[in-house]
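*Asks:* got a sequence here, can you build the structure:
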Amino acid sequence: HLVESGGGLVQAGDSLRLSCVTSGRTSNIYGYGWFRQPPGKEREFVASIAKYDSTDTSYTNSVKGRFIVSRDNDKNTAYLQMNSLKPEDTAIYYCAASAFWTAGLSERDSFAYWGQGTQVTVSL
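*Replies:* Numbering: from 1, shown residues only. As a prediction, this is how the structure comes out:
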């Protein structure tokens, strides 16, 4: 069970931090991913991180240098720090968890567990 929080309405250039708390059988989680679905578009990969190696991260090109993915295993929580937000970052953001891990994991089908999503809206 994954629950996201932290979304909201912000202006371009602002920052937001999304959180994703996991519960239940967290022992079978090996990585976390963040995806987003802009209005009228398909859900797309944003970032991912290995549960047991915080340096093993991956980002889509459009967020590199602006977003930072992290996790706190003691709290069973993943985070997405979003800086220098742009209107094109507007989307529903979803947290996901994978029952296995390989470097650079980014395919939707690789993540078995999903949260309900949180809306992020960036205005000019």
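*Asks:* how near is the residue nearest the centre of the chain to Val69?
*Replies:* For the chain, the residue nearest the mean C-alpha position is Trp34 (2.3 Å; CA atoms, centre = their mean). Trp34 is 6 Å from Val69, where distance means CB to CB, to the nearest Å. No exception for glycine: its C-beta is placed from N, CA and C like everyone else's.
*Asks:* overlap in contacts, these two.
*Replies:* Shared contacts of Trp34 and Val69 (CB atoms under 8 Å, 6 or more residues apart in numbering): Ala47, Ser48, Ala78, Leu80.
*Asks:* correct me, but Val122 touches Pro87?
*Replies:* Yes: counting by CB atoms under 8 Å, Val122 does reach Pro87; the two are 5.0 Å apart.
*Asks:* most neighbours among the shared contacts of Trp34 and Val69, which one is it?
*Replies:* Ala78 (30 neighbours; other CB atoms under 10 Å).
*Asks:* show me what contacts that residue?
*Replies:* Ser19, Cys20, Thr22, Tyr32, Trp34, Ile49, Val69, Ser70, Arg71, Cys95, Ala97.
*Asks:* buried subset of those residues?
*Replies:* For the contacts of Ala78, a burial check counting by 16 or more other CB atoms under 10 Å picks out Ser19, Cys20, Thr22, Tyr32, Trp34, Ile49, Val69, Arg71, Cys95, Ala97.
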